[in-house]
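[1] Model the structure of this input:
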Amino acid sequence: MKLFCLSGHPNLPCLVLKFKSVTVMLDCSLDLTSTFNFLPLPLVHSTRLAKLPSWVPKDTDANDVETLKALKRELKECAGRVFVDSPPEVSIPEDGLLDLSTVDVILVSSFQCILALPYITEYTGFNGMIYATEPTAQMGRQMMEELVQYTERVPRTNTASKWKEHDVFKTLPAQLREGLNPASLRLCYGLHDVNSALSKVQLVGYAQKLDVFGALQIMPLSSGYCIGSCNWVIRSHYEKISYISSSSVLTTHPQPMDQGLLQNTDVLVLTGLTQSPTANPDSMLSEFCSHLAVTVKNGGNVLVPCYPSGVVYDLFECLAAFLDNSGLMQLPVYFVSPMADSSLAYSNIFAEWLCQSKQSKVYLPEAPFVHEELKTISRLKVFPSVHGDFSSEFKTPCVVFAGHPTLRFGDAVHFMEMWGQSKANTVIFVEPDIPYLEALAPFQPLAMKAVHCPIDTRLSFQQANKIITDLKPLHVVLPEAYISPPTSLPQRTDLVLEADPPPTTFQRGEVLSLPIKRIYEKIEITPELASSLVPSEIRQGVAVASVTGVLEAKDNNYVLQTVPKQPTAGPGQKRKREDNVDFAPPKPHVWGAVQVEQFVQDLEKNGVTDVKVEDTPSGHIIHLQSEDTLIQIEDGSTHIFCEGNEELRIKLRNILLKCLSRF
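    Got it, this is the predicted structure:
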C-alpha cells in the first residue's frame, strides 16, 4: 500500500492511495495562497495600483533590454513588498509524482476540497469515477463558478511569465519565492471546465456502500463540519482504511460527526485540523459582533470578506440575534456575490443534511436558517455584484459580506479600495484558512481597522488526540506539520498530535509505503464443489479435504468452481494428449513426519541394504554408501543428494512418499 502526497497544505489535502491494484485520490483541493503574490483585480480602474513603482532585481543585466522591460511591467512594489502585476494564479496539486490518468476513483470530502477537480479531469486524461455528496457537488459548483466569474469579469490582456524563468525567479525577494513553485501555477479554469468536471460526479449519501471494481468497498460518513461534508471508510475483505478530513464535534448546522464505523481501522489518515488552535469559535463570534457594533455606532462600515457558503450561514444567524439585542435592527446588511442567492437557497433545500434541530423546522414548516426570513423582511439584501441595483439600495453605515476572502479578486477588492483610507471603517476576517496580513499587504498603508476573528469549528489538537485514542487505529498517517507546535506558538507543545505507535508523516512530493500488506484473499466455493468435498480427520477436531477446482477471477472476485467434465470423443476422433490436462484426476496430498525406522525397512525391501543413519540436531542423515547418496531428513523438509542419478532419485522419492499419510 502506497500513499502519494500531492499537496503542501495540511488543510487543503490531495492524497493518492494505491491498494489492491486500485488508485484512489482522497480530495483534490486547490491552494489559493499563491494568489497572495499577485496584485488584486479591481472592478474599476485603481489609480493607486496603477501608480505603484516597478521593481527590478539588482542583478539584472542592464544590457538585457527585453528582460528589463518585461520585469518592469510584471513586478510592482507596494509598502516594501514585491507583487506580480498579472491575473492571480493558483497552485494545483503535484502532477509529476504519478500519472494522474491512472487514478481510478476520486473521493471528495467537502466543497472546499473539490476546487482543483477541473485541472485533474480535463487536463490529465482522467477517466475514472468521482464520488461526492449532493451538497458538496452543488456548493463546490458555486465556489468554482464564483472563482471563474471573479477572474473573467476583469479581463487582462497580458499575463506575466518572465518572472517565472529560473534565472529571474532565483533573484526575487524571499517573500515572493518562499513556498512557491512556478511550475505548479495555473490561471483559473473556465466555466466549460467546471461543467464538464462536475458532470462526471456521482452523488452519494451517508453510509451508502459503493463497490470499486470488486476490490474495495467505500462508504461516506458525516464529518460534522459543513453541509454534506464527509469522512471515508475504504475496506477490502481483510483490511480497513479510514480517511478523516475537516471534521467537527461541535454542535453547528450540519449533521453531527459519525465515528462508529471509523473504529478498529488498520490505517487512519488524518488531515484538516483547525487552523486557529487558540481561538474558540464562540469567543470569536462574540468578538466579531463586538467589533462590528463599535464600528457602526461610530458611523463606520464593516467589510467581511467570505466564501458564499459555510461559516457565513452561522454568521447571519448570530448577527441577526445580536442586532436585535443591540437595537441595531435597521442596520443594512448586504451579501454581495454572484453565487449569494443560490447559496442561500440551496442551504434551505438540503434539509436532510442538517442537524436534527434544523431538520425539525422543515416539518413546521419553517426555513431551517434565519437568513431566509431576513431576506423576506429585507434585513438581509442579496446582490450578485456592486453593479446594477446595488448602487440604488446602498446605504451607510452598513455591513457587507463579499468575496473573495483572499482580497485578490471579487467585490471585496472594490470595498477595500473605497473604504481603506478611512479609520472609521473595519475589515473583519472570519475565514480561518486566510492569512489576513498577507491578504492586506497590497492595500498598505491602510487606515481602516483590520480585525482577525477566525471562526474554525474543525477538530482541535486535543479533540483529534481523543478521537485517535477512541478509534484505536493500528497506524496513524498525518501531515508533518501536526507533530510539532505551530511556528507562531513554538512553546505550545500541547498543540501536536500523538499516537502509539508514533504516527507516520507526509509532506508534499513524498511517497509513503504504509505498513499494511495483503496476506489473505477471500475465495468463494460453488455449492456443487462444496458438496463434493470429503473431509479426512487428521487428528481429533481437525479435518482436511483435498480441493481440486478451477479458480475464476473476475472483477477482483474469486470463485472456485468444479473441474469441467472430460468431453467424450466422437466416433473416429482422437483426443490430443495436451487436451486432457484440465481434466486430469486430482493428485493425492501427503502429510505427516517421516518415520526413519519405517523408511529404512522400506529401503531394504526395495534392495537398498547398505544404509547408515546419523542423528543431527535438526533431524537425520541417511547415507547409502553403495550408491554414494545422502538423504537429509529435517522437520518439514527432505532432500535427496544422488549426484545426478535421476533414476535412483525417483525410486527413493517413491519409497519416501509411501511412508507418509495421504488424503
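
[2] how near is the closest residue to Pro173 other than its chain neighbours to Arg186?
    Residue nearest to Pro173 in three dimensions, not counting chain neighbours: Val82, with 5.2 Å by Cβ to Cβ, 6 or more residues apart in numbering. (C-beta placed from N, C-alpha, C; glycine too.) Separation of Val82 from Arg186 (Cβ to Cβ, to the nearest Å): 21 Å.

[3] Quick one: mean pLDDT for the helix or strand encompassing Asp615?
    For Asp615, the host element (DSSP states H and E) is strand 611-616. The average pLDDT for strand 611-616 rounds to 87.

[4] C-alpha coordinates for that strand, CSV please?
    Backbone C-alpha positions of strand 611-616 (Å, rounded to 0.1, in the frame of the first residue of the first chain) are rendered in CSV as follows:
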residue,chain,number,x,y,z
VAL,A,611,22.2,-48.0,4.9
LYS,A,612,23.8,-45.9,7.7
VAL,A,613,21.7,-43.5,9.8
GLU,A,614,23.2,-40.5,11.6
ASP,A,615,21.3,-38.2,14.0
THR,A,616,21.8,-34.4,13.7
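
[5] returning to that earlier point: might you report the residue contacts of the residue nearest to Pro173?
    Trp55, Leu75, Lys76, Leu172, Pro173, Gln175, Leu176 (Cβ atoms under 8 Å, 6 or more residues apart in numbering).

[6] For these, pick the one with the most neighbours.
    With neighbours taken as other Cβ atoms under 10 Å, the top of these is Leu75, carrying 26 neighbours.

[7] give me the beta-bridge partners of it?
    Judged by DSSP bridges, the bridge partners of Leu75 are Val84.

[8] per-residue pLDDT, it?
    Turning to Leu75, the model gives it a pLDDT of 93.

[9] So it sits against Val84, correct?
    Yes: taking Cβ atoms under 8 Å as the contact criterion, Leu75 and Val84 are neighbours in contact, 6.4 Å apart.

[10] Find residues that contact each of these two.
    Taking Cβ under 8 Å, 6+ apart as the contact criterion, the residues that touch both Leu75 and Val84 are Trp163.

[11] Can you report phi and psi for the closest residue in space to Thr159 that isn't next to it in sequence?
    Closest residue to Thr159 apart from its sequence neighbours, by Cβ to Cβ, 6+ apart: Ser86 at 5.5 Å. Torsion angles at Ser86 (phi, psi; degrees, to the nearest 10) stand at phi -160, psi 160.

[12] Mind giving me the packing neighbours of the strand holding Asp615?
    Applying 3 or more Cβ pairs under 8 Å, 6 or more residues apart in numbering; DSSP states H and E, one finds that strand 611-616 makes contact with helix 596-605, strand 619-624.

[13] Check the offset of the longest one from the chain's centre.
    With Cα atoms, centre = their mean, to the nearest Å as the basis, the distance from the averaged C-alpha position of helix 596-605 to the chain average is 66 Å.

[14] Now tell me what touches that helix from outside.
    Residues contacting helix 596-605 (Cβ under 8 Å, 6+ apart): Thr609, Val611, Val613, His620, Ile622, Leu624, Ile633, Leu652, Ile655, Leu656, Lys658, Cys659.
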